[in-house]
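> Pasting a predicted model and its sequence here:
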Amino acid sequence: MNGRSNPVEQRIGVADGLELRVLRRLQVGDTSAPSAASPTTRAASFVLVHGLASNARLWDGVANHLAEAGRASVAVDLRGHGRSGKPESGYDFATISEDLRRLISALGPGFDRPILTGQSWGAGVVLDFAVRHPDLTSGIVLVDGGLTDLRDAFPTWDVCWERLAPPHLVGMPLASVEGYFHSAHADWPDEGLEGSLANFEIREDRTIAPWLSREHHKAILEAMWNQRTADLWSALRVPALIIPVDGGESDWTKAKRAGVDTAVAAAAANGVPVRVDWFEGDHDIHAQHPAELTASILAADLDGLFSGAVLA
């Protein structure tokens, strides 16, 4: 099937005073949104969750390919990110998972137990969500995330923040940012580059500012430093597709491989279906190779990975 599905932008309230911006896509050729009066029997839909300091637009390529394959999806700007609300608190995993729970409950027919797909920090978010709410998802897809702990790389939180604090980008000329993306990601499709630019507010003077504030970035990073992925894998009771990326960094890839081994062993001990599909490329593989990534996800689904019932 050829063509593209134009997203419908919506704002959905998930907490007092907080609305999340979502981009909803139906399958190509379908112009009628599901309603309570006309329930759908479509195959599993997808909720797409971005990484730290990213936004829903990074999923544009994957969402378009899902639509071409007849799959509905919703990509979300999590709190503090993109066009969503930016409250002063609530950047821990428990609160983010509660945001997702309320979001999914508001999506309506067609999004009953969707497959949650997260990248990087978003992978840690959907892993946490699936442990807390196994009855609300058919399974999870973890794209280059949810496998390692920051505490294994940094001895203290202060060292972690010193090494991983974001650069000061407020006021940088838009032209410089565009030039960097085109140079650093020359093989990315246009939708990946456009999605990356959507990480920033573009000001009237043609300078940029990250949508995610430095303070909120720090709060999320500290939550990541405190997360224990091995404990989550031991508690997981829904199927999982693990898609790590070998980006050529030997130490980092070695840590991911160890994380994969831990995750697979924990899943096997609990009888949880799991599948691993390695990619080579950039950390934002969903922006770089959306067609190939979508094919991997749909192949796992068509092979029945996500068809099992929630385990007790």
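Done, it's in.
> Make sure Leu212 is actually in contact with His50.
No: if you go by Cβ atoms under 8 Å, Leu212 and His50 don't touch, sitting 10.4 Å apart. All C-beta atoms are positioned from the backbone trio N, CA, C, and that covers glycine.
> State the pLDDT value of the residue lying closest to Val143 once chain neighbours are set aside.
The spatial neighbour of Val143 that comes closest, neighbours along the chain excluded (Cβ to Cβ, 6 or more residues apart in numbering), is Gln119 at 4.0 Å. Per-residue pLDDT puts Gln119 at 98.
> and Gln119, what does it touch?
Val49, His50, Gly51, Ser54, Leu58, Val143, Asp144, Gly145, Asp284, Ile285, His286 (Cβ atoms under 8 Å, 6 or more residues apart in numbering).
> In strands only, show me these.
Using DSSP state E, the members of the contacts of Gln119 that fall within strands are Val49, Val143.
> still on that earlier bit, with neighbour numbers in mind, choose between Leu212 and His50.
His50 (27 against 24; other Cβ atoms under 10 Å).
> circling back to that earlier point, and the two most separated of the contacts of Gln119?
For the contacts of Gln119, the farthest-apart pair by Cβ to Cβ is Val49 and Ile285; their separation is 14.7 Å.
> Those two: which is more packed in?
Val49 (31 against 24).
> For the more buried one, give the beta-bridge partners.
Going by DSSP bridges, Val49 is paired in beta bridges with Val76, Gly118.
> was I right about it contacting Leu78?
Yes: counting by Cβ under 8 Å, Leu78 is a contact partner of Val49 at 6.9 Å.
> Check the contact lists of the two and give me the overlap.
In contact with both Val49 and Leu78: Gly122, Val125, using Cβ under 8 Å, 6+ apart.
> where exactly do the helices run in this protein?
60-68, 93-107, 121-132, 150-153, 157-164, 174-184, 190-197, 214-226, 229-235, 250-270, 285-288, 290-302 (DSSP state H).
> For the chain, which residues score under the pLDDT cut-off?
Residue ranges of the chain with pLDDT under 70: 1-5, 27-42, 308-312.
> how close does the residue located most distally from the centre of the chain sit to Leu116?
Distance from the centre of the chain peaks at Asp205, with 31.1 Å (Cα atoms, centre = their mean). Shown here: Asp205 relative to Leu116, a distance of 39 Å by Cβ to Cβ, to the nearest Å.
> and if you look at His182?
Separation of His182 from Leu116 (Cβ to Cβ): 32 Å.
> Have a look at those two and say which one is more surrounded.
Ranked by neighbour count (other Cβ under 10 Å), His182 and Leu116 place Leu116 first, with 28 against 11.
> residues in contact with Arg57?
Contact analysis of Arg57 by Cβ under 8 Å, 6+ apart lists Leu23, Ala75, Gly82, Glu194, Gly195, Ala198.
> Quickly note the distance from it to Asp303.
Look at Arg57 and Asp303: by Cβ to Cβ, they are 29 Å apart.
> Please apply the same query to Leu169.
According to Cβ to Cβ, Leu169 stands 42 Å off from Asp303.
> neighbour-wise, which of the two wins?
Remark: of Leu169 and Asp303, Leu169 carries more neighbours, 16 against 10, as counted by other Cβ under 10 Å.
> sorry, back to before: closest to Trp252 out of the contacts of Arg57?
Among the contacts of Arg57, Gly195 lies closest to Trp252 (Cβ to Cβ), at 23.3 Å.
> my guess is the closest one contacts Asp60, does it?
Yes: taking Cβ under 8 Å as the definition, Gly195 is a contact partner of Asp60 at 5.3 Å.
> would you turn the helices of the chain into JSON lines with distance to Ile242?
Below are the helices of the chain laid out as JSON lines (distance: least, Cβ to Cβ, whole Å):
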{"stretch": "helix 60-68", "distance to Ile242": "16"}
{"stretch": "helix 93-107", "distance to Ile242": "19"}
{"stretch": "helix 121-132", "distance to Ile242": "9"}
{"stretch": "helix 150-153", "distance to Ile242": "18"}
{"stretch": "helix 157-164", "distance to Ile242": "23"}
{"stretch": "helix 174-184", "distance to Ile242": "26"}
{"stretch": "helix 190-197", "distance to Ile242": "22"}
{"stretch": "helix 214-226", "distance to Ile242": "18"}
{"stretch": "helix 229-235", "distance to Ile242": "10"}
{"stretch": "helix 250-270", "distance to Ile242": "6"}
{"stretch": "helix 285-288", "distance to Ile242": "13"}
{"stretch": "helix 290-302", "distance to Ile242": "10"}
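> Check which residues of stretch 168-183 are buried.
Using 16 or more other Cβ atoms under 10 Å as the test for burial, stretch 168-183 gives Leu169, Met172, Val177, Phe181.
> ok, so of those residues, who is nearest Glu162?
When those are compared against Glu162 (criterion: Cβ to Cβ), the nearest one is Leu169, at 17.9 Å.
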